[in-house]
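Colleague: fold the following and give me the result.
(one chain, ligands or ions: 3)
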Amino acid sequence: MDVLNMKDPSFLKNMTDAELEQTAEDIRSFLIDKLSVTGGHLGPNLGVVELTLMLHQLYDSPKDKFLFDVGHQAYVHKILTGRADQFDTLRQHKGLCGFPKRSESIHDCWETGHSSTSLSGAMGMTLARDLKGTDENIVPIIGDGALTGGMALEALNHIGHEQRDMTVILNDNEMSIAPNVGAMHNMLGRMRTAGKYQKAKDDLEMLIKKVPAFGGRLAAAAERVKDSLKYLLVSGMFFEELGFTYLGPVDGHDLHDLRANISYAKKTKGPILIHVVTKKGKGYAPAENDAKGTWHGLGPYKIESGEVVKKPGPPSYSGVFAETMKTIARSDDKLVAVTPAMPNGSGLDKFAKEFPERMFDVGIAEQHATTMSAGLAAQGMKPVLAIYSTFLQRGYDQLVHDVCRQNLNVMFAIDRAGLVGADGETHQGVFDISYMRHLPNMTLLCPKDENEFQHMLYTAYQHNDGPIAVRYPRGAGTGAPMDKKLQELPIGTWETLRSGGDAAVLAVGTMVPVAEEAAELLAKEGISVEVINARSIKPLDETMLKRLHGEGKPLLTLEEHALQGGFGSAVLEFFNNENLYNVPVERMGIPDWYIEHGSVSDLLKEIGLTGENTAARIKSILPRKQQRA
Ligand SMILES: Cc1ncc(C[n+]2csc(CCOP(=O)(O)OP(=O)(O)O)c2C)c(N)n1
Ligand SMILES: CC(=O)[C@@H](O)[C@H](O)COP(=O)(O)O
Ligand SMILES: [Mg+2]
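Modeller: Residues are numbered from 1 along each chain as shown. Ligands and ions are numbered 1, 2, ... in the order given. Just a heads-up that it's a prediction; the model follows:
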């Protein structure tokens, strides 16, 4: 069937396996073709084509609930539920979301983006179902990477305890973004190679039933044999011990194997876990043979060659981070780098090439990464935790309780701070100033460009007076010339980039060029605006703030961060604490709603963080006479 005609999954109900195979082929071609233009998470979705087809054939969405963990692998689900015609707009402004979105379809019952939430969501839906007395099937689909997330283990513990009907699909492709890591991953590897546990168990039970029991002694002995078989067959039968019926390993590309096990699960009471083994990138050689994780999520590419289209331009912030860490590590053996499953995105894969023994990928485990870093610092090492702004939200209590409260020398390299663009609402890094600046002992810095960034990283590394964070954006720098030698910056000081007597803009990070553009526009109208690089968010430059207040100039704060509790709020609090009033302070930043997916430039335009709008807002706070000029 033409992919574009797949309006409702009911068309799958009576398809033969041959027809399903053809449909799988059509879907793969569609994904490879569309994503070569739009980019997106190609590898994960090519790996779940047969699985998603079989789930929609055997269950009845939207009555039955599919919860896609992380949700980056829900493109096939979106195709089968009538959204194929929107794929030209994938992850674009006002276009198709790259993750499940309840407002897009009744088939999207649960929104994801951050990892390891599907099991907890599914448990909640299961309790609701049982309390309401309804009978829908609840089916979370979680990857082997997401399974390393702490929340997933908390949920497994509770699901196993409750013994309610639920079928968990574990999609095991041996990959996180990069190759998966951890003891869990190794255990799954043993399970994958152990062969069909369920079949061996059933055969043994059949055998036991055939042999007349001698007063039950044999049956009891056989029961012991069956249990020891469990350990013999599959080392550490983790899931069975947690109270699940474990089915697997199942070939995730074999429709017959999938159908047999999902059908068995549908008839079986209590929590079931089907261990489905798939190949990430299946059906497209460059993605299938992707050892590094390049094809997990990427931009446009050339289908024939598999060549990823690279945009020329300045180095990325992540690249500058990696180089700077290597420079420091060469002369300081206390530097230990930590990443929660983002070695490629953070740039630490490059660091690890030179310092393999000093880079730790802990899996999708931000809480553990944060507190482990505290442990490293407690023993005199200098941990550098590279973590996306949005994912550090997962380790907030650890930041408070283990790092800041103990005043430990942990350095946070907060990547993807600000709008990230295509990943949308769940990934925008726009809350970290709010959730860090109010923590006692915390220092928070933000560079205006990649050259200041390298010096700021060096400065943060030399800081041994408690935790310190440097927040920086996704993607390329501004093209600023890079100094050859690293130097320390004075923490708590801002820099005036442009003088001006009529007003002043205090700009943070990526907003500095926006402030400079606004000042240029206003200069043409005879209005002179001081532009300040507010590169230290905590502590503020109080000397400069008092000077600005003394000059009586209206002030505007500008940040690519939530207004609520952001940098502008800090400035307001300062003036309030110092009883310094009668100077207008206007704040510009991310408004009080979640910013959807799209290019960063489109999103900035949409929320008015532009030079033009900044100029207008500055004019609006000038004294009336000046506004008329
Ligand atoms: C809390 C959190 N940390 C990190 C990420 C980044 N991330 C997105 S997908 C992914 C790997 C997921 O691996 P897996 O669950 O096995 O899915 P696969 O891509 O292999 O299908 C990671 C680390 C995230 N989305 N959420
Ligand atoms: C789905 C997910 O969370 C990751 O794949 C994320 O999209 C990576 O983001 P970057 O592309 O910014 O590294
Ligand atoms: Mg995986």
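Colleague: next up, the contacts around residue 277.
Modeller: 172-173, 192, 248-252 (CB atoms under 8 Å, 6 or more residues apart in numbering). Every residue, glycine included, has its C-beta placed from N, CA and C.
Colleague: in helices only, show me those.
Modeller: residue 192 (DSSP state H).
Colleague: so whatever residue of the stretch 51-200 of the chain ends up closest to ligand 2 is in which element?
Modeller: Per CB to the nearest ligand atom, residue 72 is where the stretch 51-200 of the chain lies closest to ligand 2, at 3.9 Å. Using DSSP states H and E, residue 72 sits in no helix or strand.
Colleague: residue contacts, it?
Modeller: Contacts for residue 72 (CB under 8 Å, 6+ apart) come out as 41, 44-45, 98-99, 113, 297.
Colleague: count of residues packed around the residue of the stretch 251-400 of the chain found nearest ligand 3?
Modeller: Of all residues in the stretch 251-400 of the chain, residue 280 sits closest to ligand 3, at 6.3 Å by CB to the ion. Using other CB atoms under 10 Å, the number of residues around residue 280 comes to 25.
Colleague: and the helix or strand in which residue 375 is found with ligand 2, contact?
Modeller: Using DSSP H and E, residue 375 maps to helix 366-378. No: contact between helix 366-378 and ligand 2 is absent, the nearest approach being 12.1 Å (criterion: CB under 6 Å from any ligand atom).
Colleague: tell me what that helix is packed against?
Modeller: Helix 366-378 sits against strand 335-339, strand 382-388, helix 389-392, helix 396-398, with contacts defined as 3 or more CB pairs under 8 Å, 6 or more residues apart in numbering; DSSP states H and E.
Colleague: which residues does that helix contact?
Modeller: By CB under 8 Å, 6+ apart, the list of residues contacting helix 366-378 reads 150, 336, 338-340, 360, 362, 382-383, 385, 387, 391-392, 394-395, 397-399, 402-403, 406, 408-410.
Colleague: ok, so of the contacts of residue 72, who is nearest residue 417?
Modeller: residue 113 (16.8 Å; CB to CB).
Colleague: quick one, phi psi at the residue most central in space within the chain?
Modeller: Note on the chain: the residue nearest the mean C-alpha position is residue 114, at 5.0 Å, using CA atoms, centre = their mean. Taking degrees, to the nearest 10, you get phi -90, psi 150 for the backbone angles of residue 114.
Colleague: ok, the one 5 residues further on next?
Modeller: Residue 119 adopts backbone torsions of phi -70, psi -40, taken as degrees, to the nearest 10.
Colleague: which non-adjacent residue is nearest it?
Modeller: residue 155 (3.4 Å; CB to CB, 6 or more residues apart in numbering).
Colleague: that neighbour contacts residue 120, correct?
Modeller: Yes: with contact defined as CB atoms under 8 Å, residue 155 and residue 120 form a contacting pair (4.5 Å).
Colleague: these two: which has the busier surroundings?
Modeller: Taking other CB under 10 Å, residue 155 and residue 120 do not tie; residue 155 has more neighbours (23 against 18).
Colleague: roughly how far apart are the more buried one and ligand 3?
Modeller: 18 Å (CB to the ion, to the nearest Å).
Colleague: again, but for residue 104
Modeller: 24 Å.
Colleague: contacts only, for the closest residue to that residue other than its chain neighbours.
Modeller: Using CB to CB, 6+ apart and skipping residues adjacent in sequence, the residue nearest residue 104 is residue 97, 6.2 Å away. By CB under 8 Å, 6+ apart, the contact list for residue 97 reads 91, 104, 424, 596-597.
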